[in-house]
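Asks: No letters, just coordinates:
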């Protein structure tokens, strides 16, 4: 374990914690006090650390996500679902949402009618068809409702270009997954790309906002914060 | 205050808390126990609630953001910076980052050289020029480094299409802000659109991922979670 700690850069106490929480499989025991860890343990350690510290997942979410990586029977599209549901939802789940979304059964394919009207228009325009429990539906609907309640309905003008950009991003996500042939590597790509891709896109959006705002509102002078 | 609570749907105890934390200005006193609140208070109450509950901002971040809304001298591009810095950063700020980014002075315009090499290529390709303390730079660099350390460098293939999509999203953000003429409404649009736009885009990405994954990997059967 000391060697595993050295090779991965993860402290022994942290490794023991990961083992206790079943986020890391135990090595093969060669004596009661000695277990052998191999390259797969080093890789798994790095993955656990990235999901917890960079992705901000909870321990239980990491366990769920690792189960998907290890389940050789799980279809790739399901892995997306596991990754999406494991992600910390920036929208407070206890806050009231549109009741109609809750009334749909899990796994039921969304009919356009019960959707938020602006979202329904986007689904129709883009030909999107997804399951009713896709967590993105409630997230997007909640934001649109908030724009409306704040008297900032003009912000809804971003919905159509956002949806087109989201489709380009999803195509890039799937394209990257397709670059690997091995099933386990594909699922790992789905999980890591879904979890960390939000942060990558949000970072790029902040950079692009500053760049574009200087062009659109050049009278605002140089940016000094 | 009872009437303000009724009209806004926010409990009196919560209103008192907002007043105490200076997120809501006190009304005009007509007697020692009676203050008059008007439409602006109702609007401000809704905004505070949306930033705290839907946007997930801290109280101190809300105070900073409201100061930007109320400061009539603040240039619009600065308001983007205030909103961006107020946002909860999904990347753990205590985690080690590329030292070279920290060495740059706040406000200093980023030279392409000290940037993460993949990000530098994107900056060059898109002609982006932003201040060194744009929080998106460290966010994006951290994700790219994590892809690399996990042996998932093929996920970096998403960077260029993400950057193009981020620019489209930023153009939509700025376009929406330009739909309003009033300065206070513009700043409010910047703040709310920046804070909630991340959640709107993340939601749409989850929907698009499911839609596209069914097309790319149709053998994965129907999506049932």
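Replies: Received it, and whenever you're ready, just let me know what you need. This one's a predicted model, so the numbers in the text were calculated from it and none came from an experiment. Numbers count the residues shown, from 1 in each chain, chains lettered A, B, ... in the order given.
Asks: Can you list the buried residues in stretch A:14-21?
Replies: Within stretch A:14-21, the residues that count as buried by 16 or more other CB atoms under 10 Å in any protein chain shown are A:14, A:15, A:18, A:19. C-beta coordinates here come from the backbone N, C-alpha and C atoms, glycine included.
Asks: same question for stretch A:147-154, mean pLDDT?
Replies: What stretch A:147-154 shows for mean pLDDT is 92.
Asks: show me the contacts for the residue at minimal distance from the centre of chain A.
Replies: The centroid of chain A falls nearest to residue A:195 when counting by CA atoms, centre = their mean (3.1 Å). Residue A:195 makes contact with A:51, A:55, A:57, A:65, A:83, A:86, A:87 under the criterion CB atoms under 8 Å, 6 or more residues apart in numbering or on different chains.
Asks: Out of the helices and strands in chain A, which is least certain?
Replies: Lowest by mean pLDDT, DSSP states H and E among the helices and strands of chain A is helix A:99-102, with a mean of 36.
Asks: what does whichever helix or strand comes after that one rub up against?
Replies: On the C-terminal side of helix A:99-102, the nearest following helix or strand under DSSP states H and E is helix A:117-126. Residues from elsewhere that reach helix A:117-126 (CB under 8 Å, 6+ apart): A:110, A:112-113, A:115, A:128-129, A:137, A:140-141, A:144, A:156, A:159-160, A:163-164, A:167, B:204, B:208, B:211.
Asks: before we move on, the earlier item: which members of the buried residues of stretch A:14-21 additionally contact chain B?
Replies: Among these, no residue is within reach of chain B (CB under 8 Å from any CB of the partner chain).
Asks: Chain A: strands as residue ranges?
Replies: Counting by DSSP state E, chain A has these strands, from start to end: A:28-31, A:34-36.
Asks: ok, now how distant is the residue of chain A most remote from its centre from residue A:7?
Replies: When each C-alpha in chain A is compared with the mean C-alpha position (CA atoms, centre = their mean), residue A:31 comes out farthest, at 40.4 Å. Using CB to CB, to the nearest Å, one gets 21 Å for the distance from residue A:31 to residue A:7.
Asks: can you map out the helices along chain A?
Replies: A:2-8, A:12-20, A:39-49, A:59-70, A:76-86, A:99-102, A:117-126, A:135-149, A:159-177, A:183-216 (DSSP state H).
Asks: weakest of those helices by average pLDDT?
Replies: helix A:99-102 (a mean of 36).
Asks: For chain B, state which of the buried residues of stretch A:14-21 is nearest.
Replies: Within the buried residues of stretch A:14-21, the smallest distance to chain B is 13.6 Å, found for residue A:14 (CB to the nearest CB).
Asks: tell me which residues in stretch A:71-84 are buried?
Replies: Of all the residues in stretch A:71-84, those buried under the rule 16+ other CB under 10 Å are A:74, A:75, A:76, A:77, A:78, A:79, A:80, A:81, A:82, A:83, A:84.
Asks: swap in stretch A:129-148?
Replies: A:130-147.
Asks: Are it and chain B in contact anywhere?
Replies: Yes: applying CB under 8 Å from any CB, one finds that stretch A:129-148 is in contact with chain B at A:129-131, A:133-144, A:146-147.
Asks: Just give me how far that stretch sits from the chain centre.
Replies: 15 Å (CA atoms, centre = their mean, to the nearest Å).
Asks: hmm, who's touching stretch A:154-171?
Replies: Contacts of stretch A:154-171 (CB under 8 Å, 6+ apart): A:118-119, A:122, A:125-126, A:144, A:147-148, A:197, A:201, B:158, B:161-162, B:164-166, B:168-169, B:171-173, B:175-176, B:179-180, B:189, B:192-193, B:196-197, B:200-201, B:204-205, B:207-209, B:211-213.
Asks: Which among the residues you listed count as buried?
Replies: Buried by 16+ other CB under 10 Å: A:118-119, A:122, A:126, A:144, A:147, A:197, A:201, B:158, B:161-162, B:164-166, B:169, B:171-173, B:176, B:180, B:189, B:192-193, B:196-197, B:200-201, B:204-205, B:207-209, B:211-213, out of the contacts of stretch A:154-171.
Asks: residues in contact with the nearest residue to residue A:16 once chain neighbours are set aside?
Replies: Distances taken as CB to CB, 6 or more residues apart in numbering or on different chains place residue A:1 nearest to residue A:16, at 7.8 Å, with adjacent residues excluded. Residues in contact with residue A:1 (CB under 8 Å, 6+ apart) are A:12, A:15, A:16, A:27, A:35, A:37.
Asks: so the fifth one makes contact with residue A:25?
Replies: To tie it back to what came earlier, the one meant is residue A:35. No: taking contacts as CB atoms under 8 Å, residue A:35 lies outside contact range of residue A:25: 10.3 Å.
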